[in-house]
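Trainee: attaching a predicted model along with its sequence, questions to come.
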Number of protein chains: 2
Amino acid sequence: MFSKACEYGIRAAIYIAHQSKLQVRVGLKDISREIDSPEAFTAKILQQLVKHDIITSVKGPAGGFEMNRESIDQINLYHIVCAIDGDQILQGCALGLKECNPQHPCPVHHPFKVIRDQLKIMLETSSIVGLASEIKSGLSHLKLNPINDTPI
Amino acid sequence: MFSKACEYGIRAAIYIAHQSKLQVRVGLKDISREIDSPEAFTAKILQQLVKHDIITSVKGPAGGFEMNRESIDQINLYHIVCAIDGDQILQGCALGLKECNPQHPCPVHHPFKVIRDQLKIMLETSSIVGLASEIKSGLSHLKLNPINDTPI
DNA sequence: CCCATTTCGGACACTTTTGTCTTTTATAGC
DNA sequence: GCTATAAAAGACAAAAGTGTCCGAAATGGG
């Protein structure tokens, strides 16, 4: 569905939002440990999120990543996915045809449009802070406790 | 959404079904020309479809690919997608977590399940012959006429 | 049997994605 | 200003996906 980069990006964004709501700025090491992702690769993805103004970064001692208070509630899954994978999941012909539009559709055009429209709505209505709050309340997790396999 | 291989595979299957309904066996050259795909790569994908018993092949002069009369009406998009891409679009955690299930879900588990269930139903209810018949009736196309950009 | 045709199978090459490493740049504390 | 710290940037490496090529195997027609 999503690229690995996008998977890591979503997990990182949720974790950063989670900590930012607690007024905590988090570093790369923290993030990659807490979302169980390769550190250097995660750094590249975080750079993309910074460039797309989804998160902000601060260099130097006590630096790290955070989401500022104004925009944090506006960010949703659609923003992250577009920033990293682009919208080729939602855009373009599902069969890769050059010419495919409602007038001259490919055979799967219409059924796919229904699914994609629903997917887009779901991504747009899934706010990152909302997903982060599920973590806090223990309803969901990004990484299980390796000792007893329960949410941390 | 799908890999290139899967896109070509679906297009090829629809074209083969279309011709098989007319009792016509088609060769690789025909197929790759009519669905506008790289010939050698398409050959590999057709081999996969043969191995998964979705199409049959005949070697030698007047050989080619076809769908036999018993199974042709049973084949749907889900069969093709699983044969080529596997079911990782529908299976496995959307965020790539090792541990993700209804008891210990990732943050996007439940909203994604809804979308995936609908996607699966759509794939299962899209029969290849149904899609092929749309081509015949001119409702959809796999390749536009390069001369006047209308369905062939 | 012989030959032309067509799929099958394996090896190879190119591109993109994934992932790592090293150097540079910015910043906070002294 | 100096130093330690942490992100940014770029080069590099490994893996997967995409695509090509060529010989082998099968088959139908003379």
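Mentor: Perfect, I can see it now.
Trainee: contacts and neighbour counts: CA atoms only from here.
Mentor: Will do.
Trainee: quick one: name the residues of chain A near DNA strand C.
Mentor: Residues of chain A lying close to DNA strand C by CA under 7 Å from any atom of the strand are A:3-5, A:38-41, A:44, A:58-63.
Trainee: just the buried ones from those residues, in PyMOL syntax?
Mentor: Filtering those down to the buried ones (16 or more other CA atoms under 10 Å in any protein chain shown) takes a single PyMOL command:
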select buried, chain A and resi 5
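Trainee: among the residues of chain A next to DNA strand C, which two are most distant?
Mentor: A:3 and A:61 (31.9 Å; CA to CA).
Trainee: so which of the residues of chain A next to DNA strand C belong to strands?
Mentor: Those of the residues of chain A next to DNA strand C mapping onto strands are residue A:58, per DSSP state E.
Trainee: list just the nearest of the residues of chain A next to DNA strand C to residue A:73.
Mentor: Closest approach to residue A:73 among those (CA to CA): residue A:58, at 20.4 Å.
Trainee: surely the closest one meets residue A:67?
Mentor: No - taking CA atoms under 8 Å as the definition, residue A:58 is not a contact partner of residue A:67, at 11.1 Å.
Trainee: show me what contacts the residue most central in space within chain A?
Mentor: In chain A, the centroid-proximal residue (CA atoms, centre = their mean) is residue A:10; its distance is 2.3 Å. Residue A:10 sits next to A:77, A:80-81, B:95 when contact means CA atoms under 8 Å, 6 or more residues apart in numbering or on different chains.
Trainee: what about the nearest residue to residue A:116 once chain neighbours are set aside, distance to residue A:32?
Mentor: Nearest residue to residue A:116, sequence neighbours excluded (CA to CA, 6 or more residues apart in numbering or on different chains): residue A:90, at 5.7 Å. Remark: distance between residue A:90 and residue A:32 (CA to CA, to the nearest Å) = 28 Å.
Trainee: got it, and residue A:10?
Mentor: 12 Å.
Trainee: again, but for residue A:131
Mentor: Taking CA to CA as the measure, residue A:131 falls 18 Å from residue A:32.
Trainee: where do the strands sit along chain A?
Mentor: Under the criterion DSSP E, strands of chain A are mapped to A:56-58, A:64-66.
Trainee: highest average neighbour count across those strands?
Mentor: Of all those, strand A:64-66 carries the top mean neighbour count, a mean of 23, counting by mean count of other CA atoms under 10 Å in any protein chain shown.
Trainee: so what's the closest residue in space to residue A:33 that isn't next to it in sequence up against?
Mentor: Spatial nearest neighbour of residue A:33, chain neighbours left out: residue A:39 (7.9 Å); criterion: CA to CA, 6+ apart. Residues near residue A:39 by CA under 8 Å, 6+ apart: A:28-29, A:32-33.
Trainee: looking at the residues you listed, which is nearest DNA strand C?
Mentor: In terms of CA to the nearest atom of the strand, no member of the contacts of residue A:39 lies closer to DNA strand C than residue A:32, at 9.8 Å.
Trainee: how about the closest one, nearest residue that isn't a chain neighbour?
Mentor: residue A:39 (5.3 Å).
Trainee: okay, the one you found and residue A:9: tell me how far apart.
Mentor: 12 Å.
Trainee: likewise residue A:124?
Mentor: Distance of residue A:124 to residue A:9, computed by CA to CA: 16 Å.
Trainee: the two: which is more packed in?
Mentor: Higher neighbour count among residue A:124 and residue A:9: residue A:9, with 27 against 15, using other CA atoms under 10 Å in any protein chain shown.
Trainee: my guess is the more buried one contacts residue A:46. True?
Mentor: Yes - in this structure residue A:9 lies within contact range of residue A:46 using CA under 8 Å: 7.0 Å.
Trainee: may I have the predicted confidence score for the residue nearest to residue A:116?
Mentor: At residue A:90, the model reports a pLDDT of 94.
Trainee: ranking the contacts of residue A:39 by neighbours, who comes first?
Mentor: residue A:32 (20 neighbours).
Trainee: chain A against DNA strand D: which residues are in contact?
Mentor: Proximity of chain A to DNA strand D (CA under 7 Å from any atom of the strand) is limited to residues A:26-29, A:43-44, A:46-47, A:50, A:56-65.
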